[in-house]
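[1] show me the folded form of this:
(2 chains)
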Amino acid sequence: MADATMSNVLKKSGKEIHAAWTKDLASSSAGKGRISASELEQQSGEFITLLSSASEHAKGGDISGSAFKPIRDFLEGISRSRVLQGYSSDETASFIFSLKRPFFAALRTDAGKDADALADQVWRATELLDALGLHTVKAYQKSREEVISRQQREMLELSTPVVKLWEGILALPMIGTLDSARTQVVMENLLQKVVETGAQIAILDITGVPTVDTLVAQHLLKTVTALRLMGAECIISGIRPQIAQTIVHLGVDLQGVTTKANLADALALALKRTSGSLTS
Amino acid sequence: MERIPILRMGEFLLVTIQIDMHDQMALKLQDDLSNAIQKHATRGVLIDISSLEMVDSFIGRMVADISGMGRLLGSETILVGMQPAVAITLVELGLSLPGVATALNVERGMALLRRKIDADGTDDAER
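    Prediction:
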């Protein structure tokens, strides 16, 4: 019965709450210009309708029941669109929290002079709205993570192009930080390309690799060794002075690996080697 | 018992491993090959593993051993046609096969062998 009050108030004075809420949302600076006023009004109206039907079944801050399914789905949809529109997480959450002021005002009108009942209703409403707000933030976070992981995947695919420079010479310009997963992809791509093209020399260009630590050096060595096992040579080029210093300081043994300062030198060497082997 | 055929091509021997070897077979191959090198006074051996899709540490070591034995008997040994997956496995196993010469395919291997034998005795900086 007490729970029904919230729902009744929403149904009865839903229009007033909606109007006040829309005004609040419009006057707050958050997300101005990124979303049209009419769209915002439509979203808030839908939320109030959903909330009024769901709040009949409210038990404290528990919103995991099936009665809350539509409102959860609605909030997840809102969060997703907010992520795409470039909202921050607090801006997204304040969409829900800003309902409190007009909603509490309506509850107050409804309760009249009964202070106990009002306090009770306000507490219930707060609990419910907090839970919904947190759910929104959670959904927001999830959509953000999805975006990040998708971008990572795309970057991984894009970041390892194997280029044929000359007959029998492949180049692999590497850009970005090297980690185990990336090196694995790089290695597989390169070895596969070597088989396809029958290349004798592969040039690994690390101009775009910001830092080289022992792990990265080890990955590079592994790639070089695998190439050698397949019968191709490997030249590492694009070692910047900074990186050369780091490698020496770390004590990484790059002996037995041909290294050059830039891609041009590496290509010159590769051409010399391939022409040498073609003529003999 | 099954064995791996050893083909003689002029002064070279060609061993084509086309099935997944078990350990006994690998040992037998080692035996046969060292005998064949001795018998034909071979100058070079090509081991083609292009159809081998899996290796373990034993086979990896055996290949290194054959190469070492060949060198002792005065013949160059070249490993040709290793698949990418096999190369990655060997590297992950820590078997980088130092001292084993490699080539992409039989043709390249043959060219490399000829070059090595031509340069025999002279101080060749290559490889």
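
[2] quick one: contacts for B:G109?
    Taking CB atoms under 8 Å, 6 or more residues apart in numbering or on different chains, we find B:G109 in contact with A:231, B:46, B:48, B:78, B:80, B:103. The way it works is simple: take the backbone N, C-alpha and C, and place the C-beta from them, glycine included.

[3] repeat that with 7 Å
    B:46, B:78, B:80, B:103 (CB atoms under 7 Å, 6 or more residues apart in numbering or on different chains).

[4] for A:T136, see how far away it is.
    Distance, B:G109 to A:T136, using CB to CB, to the nearest Å: 65 Å.

[5] equivalent analysis for A:T183, please.
    Look at A:T183 and A:T136: by CB to CB, they are 39 Å apart.

[6] in chain B, what residue is nearest chain A?
    The minimum distance from chain B to chain A, using CB to the nearest CB, falls at B:P84 (3.4 Å).

[7] what sits against that residue?
    Counted by CB under 7 Å, 6+ apart, B:P84 has contacts A:188, A:191-192, A:195, A:230.

[8] in a markdown table: these, plus pLDDT, neighbour count and distance to A:R273.
    A markdown table is the format used below for those (pLDDT from 0 to 100; neighbours: other CB atoms under 10 Å in any protein chain shown; distance: CB to CB, whole Å):
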| residue | pLDDT | neighbour count | distance to A:R273 |
| --- | --- | --- | --- |
| A:E188 | 87 | 16 | 25 |
| A:L191 | 90 | 25 | 19 |
| A:Q192 | 90 | 14 | 22 |
| A:V195 | 90 | 19 | 20 |
| A:M230 | 90 | 25 | 16 |
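
[9] pick the one among these closest to chain B.
    Closest approach between the contacts of B:P84 and chain B, by CB to the nearest CB: A:L191, at 3.4 Å.

[10] does the closest one touch B:A87 like I think?
    Yes - counting by CB atoms under 7 Å, B:A87 is a contact partner of A:L191 at 6.1 Å.

[11] what do the two both touch?
    Both A:L191 and B:A87 are contacted by A:226, A:230, under the criterion CB under 7 Å, 6+ apart.

[12] if we can go back for a sec, quick check, pLDDT for the residue of chain B closest to chain A.
    B:P84 is assigned 90 on the pLDDT scale.

[13] quick check: phi and psi at it.
    Per-residue torsions, B:P84: phi -50, psi -50 (degrees, to the nearest 10).

[14] ok, it to A:G77 distance?
    B:P84 is 45 Å from A:G77, by CB to CB.

[15] how about the least confident helix or strand in chain B by mean pLDDT as PDB, C-alpha atoms only?
    Scoring the helices and strands of chain B by mean pLDDT, DSSP states H and E places helix B:57-72 at the bottom, with a mean of 84. Below are the C-alpha coordinates for helix B:57-72, written out as PDB (Å, rounded to 0.1, in the frame of the first residue of the first chain):
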ATOM      1  CA  SER B  57      61.100 -30.800 -28.900                       C
ATOM      2  CA  PHE B  58      62.500 -34.300 -29.800                       C
ATOM      3  CA  ILE B  59      62.100 -33.800 -33.500                       C
ATOM      4  CA  GLY B  60      63.500 -30.300 -33.200                       C
ATOM      5  CA  ARG B  61      66.600 -31.600 -31.400                       C
ATOM      6  CA  MET B  62      67.000 -34.400 -33.900                       C
ATOM      7  CA  VAL B  63      67.100 -32.000 -36.800                       C
ATOM      8  CA  ALA B  64      69.800 -30.100 -35.000                       C
ATOM      9  CA  ASP B  65      71.600 -33.300 -34.300                       C
ATOM     10  CA  ILE B  66      71.500 -34.400 -38.000                       C
ATOM     11  CA  SER B  67      72.900 -31.100 -39.000                       C
ATOM     12  CA  GLY B  68      75.800 -31.500 -36.500                       C
ATOM     13  CA  MET B  69      76.500 -35.000 -37.700                       C
ATOM     14  CA  GLY B  70      76.400 -33.900 -41.300                       C
ATOM     15  CA  ARG B  71      79.000 -31.300 -40.600                       C
ATOM     16  CA  LEU B  72      81.300 -33.800 -38.900                       C
END
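
[16] what about it, distance to the chain center?
    How far helix B:57-72 lies from its chain's middle: 8 Å, per CA atoms, centre = their mean, to the nearest Å.

[17] got the contact list for that helix?
    B:21, B:23, B:26, B:30, B:33-34, B:37, B:45, B:47, B:76-77, B:79, B:90, B:93, B:95, B:97, B:99-100.

[18] within reach of chain A, which of these are there?
    Contacts with chain A within these, counted by CB under 7 Å from any CB of the partner chain: B:90, B:97.

[19] inside helices: which ones of the contacts of helix B:57-72?
    When the contacts of helix B:57-72 are checked against helices (DSSP state H), the matches are B:23, B:26, B:30, B:33-34, B:37, B:90.

[20] what subset of these is buried?
    B:26, B:33-34, B:37, B:90 (16 or more other CB atoms under 10 Å in any protein chain shown).

[21] which of those scores worst on pLDDT?
    B:A26 (85).

[22] distance-wise, check the residue most central in space within chain B relative to A:W123.
    When CA atoms, centre = their mean is applied to chain B, the residue found nearest the centroid is B:I47 (3.6 Å). Distance of B:I47 to A:W123, computed by CB to CB: 81 Å.

[23] for A:I206, same thing?
    Distance from A:I206 to A:W123, by CB to CB: 61 Å.

[24] ok, now B:A64?
    Relative to A:W123, B:A64 is positioned 76 Å away (CB to CB).

[25] which of these two has more neighbours?
    Neighbour comparison, B:A64 and A:W123: the larger count goes to B:A64, with 18 against 11 (by other CB atoms under 10 Å in any protein chain shown).

[26] partners of B:A103 in the sheet?
    Counting by DSSP bridges, B:A103 is bridged to B:V80.

[27] circling back: now, which of the contacts of B:P84 lie close to chain B?
    Within these, those near chain B by CB under 7 Å from any CB are A:188, A:191-192, A:195, A:230.
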